[in-house]
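Q: No letters, just coordinates:
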């Protein structure tokens, strides 16, 4: 199953893939006589998943069996105005830093990094504000405050069940699903302020999408390809099995004394190949097309645009 959020004439809607096309979930549920599945938001859907998840799978299967009859209500993905799959998460976007050894190594060798050693025994967490969230095919602003806008391909984890002090072996029971993420970063601002938040939280710098795949429909998140491209040129090519801290380890530590809630978004870190660490540093400028692909989660595409 593939779930998304989109904008239709100023209204936020939940969409679901039926084959290779997209249906408005509420309309589909009404047509097929399952109005209890007409969820108005992704958070509402996630909160109802334990009760209604199986019925939603049945609804999609039935829709795919009758796809020809439903053709008038199905939309081509390119005709849908995607927004962040979770437009209004409970908190800031939760993030993990320095979680691939090759990315750590390339950072230490980069020209504008003065540090020669990084401690990696414990996860490094930071956040991005909700105002960073945008969707597939939406524009990433090239804010005038930065000259070093960079990309970071990541797998994002969507929390599905509330929990605090979660044991490592119970973490996946609190996960709803996964999607592609791009942790756009202003490197010069990071260096200037000597901390992560400001350079990570410019408006419109956290593309998510193009859709969420629930964990029941996904494979092992710790063995998936992580790739990115800029203007069609391959930049990153790795696998989640190269993470220093795996998903259960990170979320278990994050939940210590801190409640995770349904709809929370957690970015898990990026591998090597980012722009600032290239032999000739390369940063994003207006007109650039940046794409992120995680195995089984589609390809997230965004264009760099002039900031307002």
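A: Sure, I can see it. Predicted model only: the values in this text are computed from it and were never measured. Numbering: from 1, shown residues only.

Q: what number of residues lie near residue 302?
A: Neighbourhood size, residue 302 [other CB atoms under 10 Å]: 24. For the C-beta atoms, the positions are set from N, CA and C on the backbone; glycine is no exception.

Q: One more: residue 6?
A: Counted with other CB under 10 Å, residues neighbouring residue 6 total 23.

Q: State the distance from it to residue 78.
A: 12 Å (CB to CB, to the nearest Å).

Q: Between those two, which contacts overlap?
A: With contacts defined as CB atoms under 8 Å, 6 or more residues apart in numbering, no residue is shared by residue 6 and residue 78.

Q: Now do the residue nearest the centre of the chain, the pLDDT please.
A: The structure's the chain has its C-alpha centroid closest to residue 181; by CA atoms, centre = their mean the separation is 3.2 Å. pLDDT, residue 181: 99.

Q: does it sit in a helix or strand, and which one?
A: strand 175-182 (DSSP states H and E).

Q: counting contacts, what elements does that strand pack onto?
A: Helices and strands touching strand 175-182, by 3 or more CB pairs under 8 Å, 6 or more residues apart in numbering; DSSP states H and E, are strand 153-159, strand 206-214, strand 289-294, strand 299-306.

Q: element containing the most far-flung residue of the chain relative to its centre, please.
A: Residue farthest from the centre of the chain, counting by CA atoms, centre = their mean, is residue 69 at 32.9 Å. Taking DSSP H and E as the definition, one finds residue 69 inside no helix or strand.

Q: Excluding chain neighbours, what is closest to the residue nearest to the centre of the chain?
A: Leaving out its chain neighbours, the residue that sits closest to residue 181 by CB to CB, 6 or more residues apart in numbering is residue 156, at 3.9 Å.

Q: residues touching that neighbour, list them.
A: Here residue 156 is in contact with 178-181, 208, 265-268 (CB under 8 Å, 6+ apart).

Q: Which pLDDT value goes with residue 110?
A: Value for residue 110, per-residue pLDDT: 61.

Q: still on that earlier bit, give me the distance between the residue nearest to residue 181 and residue 177.
A: Applying CB to CB to residue 156 and residue 177 gives a distance of 9 Å.

Q: Was I right to think residue 40 contacts residue 5?
A: No. Applying CB atoms under 8 Å as the test, residue 40 and residue 5 come out as separate, 10.6 Å apart.

Q: For residue 12, name its beta-bridge partners.
A: When bridges are called by DSSP bridges, residue 12 pairs up with residue 7.

Q: How about residues contacting stretch 14-33?
A: With contact meaning CB under 8 Å, 6+ apart, stretch 14-33 is reached by 1-6, 8, 13, 35-42, 45, 56, 59-60, 62-64, 67, 70, 73-77, 80, 211.

Q: out of those residues, which are inside helices?
A: 42, 45, 56, 59-60, 62-64 (DSSP state H).

Q: Let's have the residues you listed in a markdown table, adding neighbour count and distance to residue 238.
A: Output for those, formatted as a markdown table (neighbours: other CB atoms under 10 Å; distance: CB to CB, whole Å):
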| residue | neighbour count | distance to residue 238 |
| --- | --- | --- |
| 42 | 27 | 28 |
| 45 | 27 | 31 |
| 56 | 22 | 33 |
| 59 | 22 | 36 |
| 60 | 23 | 31 |
| 62 | 15 | 38 |
| 63 | 22 | 36 |
| 64 | 12 | 33 |
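
Q: ok, of the residues you listed, which one's closest to residue 295?
A: residue 60 (21.4 Å; CB to CB).

Q: Please report how far residue 101 lies from residue 28.
A: Residue 101 is 45 Å from residue 28, by CB to CB.

Q: how about the strands of the stretch 201-308 of the chain, start to end?
A: Assigned by DSSP state E, counting those that start in this stretch, the stretch 201-308 of the chain shows strands spanning 206-214, 225-230, 233-239, 265-267, 289-294, 299-306.

Q: Figure out how far the longest one is from the centre of its chain.
A: To tie it back to what came earlier, the one meant is strand 206-214. Centre-to-centre, strand 206-214 and its host chain are 5 Å apart (CA atoms, centre = their mean, to the nearest Å).

Q: Just want the angle from it to strand 175-182.
A: Inter-element angle recorded for strand 206-214 and strand 175-182: 150 degrees (by axes from the mean of the first three to the mean of the last three CA atoms, to 10 degrees).
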